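J.: Okay, structure incoming, though there's no sequence with it:
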């Protein structure tokens with residue numbers, strides 16, 4: 001398998017891993033209400049805690065990748081977050097379940113923070129659009145599998161086993177991505193300084209087109 005193909009497949013698997021983990025509790029919210037005695041709002045927090053923590057941590061993770069490398073942050077993020085998914089079903093209390101999901105979301109942030117940057121730095125202009133498209137496809141399909149796998153498993157088991165089975169699939173995606181993703185060749189680490197990074201962030205907001213994109217996403 002060529003280096004470009006390995007990178008493309010690895011990024012597809014990263015997209016599958018992170019987004020299947022991110023939404024793994026969404027399909028079983030009624031079971032959480034019934035079995036753990038959570039309110040509907042508290043059960044929904046198992047999703048919001050993960051997505052919210054990811055949103056808060058994605059910029060710091062991006063900054064860290066400037067120092068420690070895109071690939072390193074990306075793979076540590078994917079494998080550690082999906083590993084945490086294996087202990088999420090063990091939570092005995094609702095608050096602990098929400099806390100673990102928040103931790104999982106924070107760890108997941110390193111992958112979306114660095115995936116596009118890795119591809120743009122390492123692949124040539126001809127291969128880049130296809131690789132980015134497959135990564136985005138992986139995120140979309142991952143969000144779907146994160147809902148469908150627990151939904152299917154909960155029909156034949158408890159919600160805890162359904163979450164565990166989903167986490168195993170996500171971890172398998174992440175480990176396979178780790179094995180496939182080539183070592184970076186074009187990355188050059190830089191020192192991180194608060195003043196420099198703050199100036200860069202403000203510079204992004206000063207760009208009208210970028211600012212409109214940020215506000216649209218918000």
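T.: Everything's here; your move. Note that the coordinates shown come from a computational prediction; the quantities given were computed from them, not determined experimentally.
J.: quick check: longest helix of the chain.
T.: helix 40-68 (DSSP state H).
J.: and that one, what does it pack onto?
T.: Here helix 40-68 touches helix 3-22, helix 29-36, helix 70-84, helix 94-108, helix 110-122, going by 3 or more Cβ pairs under 8 Å, 6 or more residues apart in numbering; DSSP states H and E. For the C-beta atoms, the positions are set from N, CA and C on the backbone; glycine is no exception.
J.: So for residue 157, which of the ones you listed sits nearest?
T.: Between residue 157 and the helices and strands packed on helix 40-68, the shortest gap by Cβ to Cβ is with helix 29-36, which sits at 10.9 Å.
J.: looking at this protein, which helix or strand is least sure?
T.: Within the chain, judged by mean pLDDT, DSSP states H and E, the helix or strand with the poorest mean is helix 194-206; its value is a mean of 82.
J.: now the angle between helix 40-68 and it, please.
T.: Inter-element angle recorded for helix 194-206 and helix 40-68: 120 degrees (by axes from the mean of the first three to the mean of the last three Cα atoms, to 10 degrees).
J.: other SSEs contacting helix 194-206?
T.: By 3+ Cβ pairs under 8 Å, 6+ apart, helix 194-206 packs against helix 208-217.
J.: residues near the closest residue to residue 182 other than its chain neighbours, how many?
T.: Among residues not flanking residue 182 along the chain, residue 3 sits closest, at 5.0 Å (Cβ to Cβ, 6 or more residues apart in numbering). Close neighbours of residue 3, defined as other Cβ atoms under 10 Å, add up to 13.
J.: about what we covered before: make CSV from the helices and strands packed on helix 40-68 and add distance to residue 62 to it.
T.: Below are the helices and strands packed on helix 40-68 laid out as CSV (distance: least, Cβ to Cβ, whole Å):
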stretch, distance to residue 62
helix 3-22, 15
helix 29-36, 31
helix 70-84, 8
helix 94-108, 13
helix 110-122, 4
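J.: okay, the ones you listed in CSV with distance to residue 185 and mean pLDDT next?
T.: Converted to CSV, those look like this (distance: least, Cβ to Cβ, whole Å; pLDDT from 0 to 100):
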stretch, distance to residue 185, mean pLDDT
helix 3-22, 9, 94
helix 29-36, 44, 92
helix 70-84, 10, 94
helix 94-108, 26, 96
helix 110-122, 7, 92
